[in-house]
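A.B. asks: Model the structure of this input:
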Amino acid sequence: MKFMNERWETVEEIAAAREGFETALPGWQRPAAFGLGTLDEHGKLEFARVNVGENPLPAVVLATVCGYRNETGSFRLSRKDLTRVIELLSPAEACTAYQHPNLWAWRQLLLNLEMDDEAIAVFIADWDSLGDDPYVDALRKAADR
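C.D. replies: Numbers count the residues shown, from 1 in each chain. Predicted structure coming up:
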């Protein structure tokens, strides 16, 4: 488990943290795409950020909290869950070799999240996976797939 005062300052430390999170998730498969967002007033999912084939550390940290392992789908996160995701990912910010757009976007999402609202994490395991989840469809559209 990662501690609040931990800092990953190098690319190697980021890689080691990612590997640690991945090892801790039985059946883990890196997603082809993932995103995190909230529903607007019309029920449309608005993503804070969409990732296609990139950013494996934020993907596995998000999955650690929401439950994704290897199947396409969506997951609801409470404010507490989203706070935990941000806490787990925050040590990466010490590494200036990378920008941290997911962390920054997710912090802003948390600030804008009303007390009883939820965030929705969406993962696409691979582009051939099918289903009828409207949030997965929204991620496919946002990823231009």
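A.B. asks: alpha carbons only for contacts and neighbour counts from here, please
C.D. replies: Noted.
A.B. asks: where along the protein do the strands fall?
C.D. replies: Assigned by DSSP state E, the chain shows strands spanning 33-39, 45-52, 73-77, 119-124.
A.B. asks: For those, give me a markdown table that also has mean pLDDT, distance to residue 14 and mean neighbour count.
C.D. replies: As requested, those are exported to a markdown table (pLDDT from 0 to 100; distance: least, Cα to Cα, whole Å; neighbours: other Cα atoms under 10 Å):
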| stretch | mean pLDDT | distance to residue 14 | mean neighbour count |
| --- | --- | --- | --- |
| strand 33-39 | 97 | 19 | 25 |
| strand 45-52 | 96 | 18 | 19 |
| strand 73-77 | 98 | 24 | 20 |
| strand 119-124 | 98 | 22 | 26 |
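A.B. asks: Among those strands, which comes closest to residue 24?
C.D. replies: strand 119-124 (18.3 Å; Cα to Cα).
A.B. asks: What strands line up against the closest one, and which way round?
C.D. replies: Using DSSP bridges, strand 119-124 pairs in its sheet with strand 33-39 (antiparallel), strand 73-77 (antiparallel).
A.B. asks: Find the centremost residue of this protein, please.
C.D. replies: Nearest to the geometric centre of the chain sits residue 62, at 3.9 Å (Cα atoms, centre = their mean).
A.B. asks: In contact with the nearest residue to that residue once chain neighbours are set aside, which residues?
C.D. replies: Spatial nearest neighbour of residue 62, chain neighbours left out: residue 85 (5.8 Å); criterion: Cα to Cα, 6 or more residues apart in numbering. Applying Cα atoms under 8 Å, 6 or more residues apart in numbering to residue 85 gives the contacts 61-62, 65.
A.B. asks: Please consider this matter closed, and thank you.
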